[in-house]
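> Need a 3D model of the following:
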Amino acid sequence: MEIPVFTLDAFTNLPFKGNPAAVCPLQRELSDDLYHKIAAEMNLSETAFITRTNPSDSFTTGMSVLIQITFALPIQKPLRLYCCNGKLSFKSLFIYYTIDIEEKVRGPKKCGIYKPHVSFPICLHVDSSMAVRNIVLRSPDCQPGYDFYSRNFAPWVGIPEDPVTGSAHTVLGSYWSDKLGKKKLLAYQCSSRGGELELEVRDDGRINIAGQTITILQGTIKL
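This is a model prediction of the structure:
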């Protein structure tokens, strides 16, 4: 079996910056065990496996879309992706790609906003009864010209620090939109790789997350 694989750097226009992720278009579903083994072999924060929603499709159109994404070509119409967390709408505008994603919890009700009055270091005590996956911190201004800055740590799931986290910005975008009184925001995640995200908080409970991406690797997994 041969599986195409692409490695992309998202939320950046420079190689070895932003969030690295692998994408594998599949002719058929694989076993969960094989998914996990391939993802472990790629050793990145995310490895996405794409399958056809309609088995009668030739997958040519899907591959063409993927090639357009990896080589930064414009997509002519929105692409709908179905994942375990629901449906995502994906489109391009010039060299930027936008994901339409559901907005997460607003404000400090459930996301645990804590504002220490001192700079680093700080100590966070996490109760063992809490199902914590990650901690997102508001970072000092590490790059000029942005509305807010953040870092994301998820050691509980094997990620000491995530380079750039799109999903976290569904919460951060809502919070800073309320705080700054702005619907459109420019964010920077201050990991060692760094990444830029353009956010638009919509009135329908969803948020657009846009960024650039480049392809740094294209190959074949042979099994």
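> CA only for contacts and neighbour counts going forward, please
Noted.
> what about stretch 39-57, average pLDDT?
Averaging pLDDT along stretch 39-57 yields 82.
> Mean pLDDT per helix and strand in the protein: which one sits at the bottom?
Counting by mean pLDDT, DSSP states H and E, the chain has its least confident helix or strand at helix 60-70, which shows a mean of 46.
> Please name every helix or strand in contact with the helix ranked longest in the chain.
Counting by DSSP state H, the longest helix found in the chain is helix 168-180. Secondary-structure packing of helix 168-180 (3 or more Cα pairs under 8 Å, 6 or more residues apart in numbering; DSSP states H and E): strand 184-189, strand 195-201, strand 206-211.
> do that again at 10 Å, thanks
Contacts defined by 3 or more Cα pairs under 10 Å, 6 or more residues apart in numbering; DSSP states H and E place helix 168-180 against strand 96-102, strand 135-138, strand 148-154, strand 184-189, strand 195-201, strand 206-211.
> which stretch among those comes nearest residue 41?
Ranking those by proximity to residue 41 (Cα to Cα) places strand 148-154 first, at 19.8 Å.
> Next, the angle from the closest one to strand 195-201.
Using axes from the mean of the first three to the mean of the last three Cα atoms, to 10 degrees, the inter-axis angle of strand 148-154 relative to strand 195-201 is 110 degrees.
> which of the residues in strand 148-154 are buried?
Judged by neighbour count (16 or more other Cα atoms under 10 Å), strand 148-154 contains these buried residues: 148-153.
> Out of the residues you listed, which comes closest to residue 36?
In terms of Cα to Cα, no member of these lies closer to residue 36 than residue 153, at 21.7 Å.
> If the closest one is in a bridge, with which residues?
Beta bridges link residue 153 to residue 135, judged by DSSP bridges.
> And it, how close does it get to residue 48?
Residue 153 is 21 Å from residue 48, where distance means Cα to Cα, to the nearest Å.
> where does this protein dip in pLDDT?
Across the chain, residues meeting the criterion (pLDDT under 70) sit at 55-98, 100-131, 139-140.
> Can you pull the domain assignment for it?
Listed domain ranges for the chain are 2-96+212-222, 120-210 (source: the TED database).
> Could I get the phi/psi values of residue 181?
When read as degrees, to the nearest 10, the backbone of residue 181 gives phi 70, psi 40.
> contact partners of stretch 30-39?
For stretch 30-39, contacts defined as Cα atoms under 10 Å, 6 or more residues apart in numbering pick out 21-24, 29, 40-43, 45-49, 51, 221.
> I'd like to know which of the helices and strands packed on helix 168-180 is closest to residue 17.
When the helices and strands packed on helix 168-180 are compared by Cα to Cα, strand 195-201 sits nearest residue 17, at 6.9 Å.
> Quickly find the element holding residue 142.
Under the criterion DSSP states H and E, no helix or strand holds residue 142.
> nearest spatial neighbour of it, skipping sequence neighbours?
Sequence neighbours aside, residue 190 is the residue nearest to residue 142 in space, at 6.4 Å (criterion: Cα to Cα, 6 or more residues apart in numbering).
> Let me know how buried the one you found is, in neighbour terms.
Each residue near residue 190 was counted by other Cα atoms under 10 Å, and the total is 23.
> separation between the closest residue to residue 27 other than its chain neighbours and residue 23?
Nearest residue to residue 27, sequence neighbours excluded (Cα to Cα, 6+ apart): residue 51, at 6.6 Å. Counting by Cα to Cα, the separation of residue 51 from residue 23 is 11 Å.
> try residue 167
18 Å.
> Compare neighbour counts for the two and give me the winner.
Between residue 167 and residue 23, counted using other Cα under 10 Å, the more crowded position is residue 23 (19 against 14).
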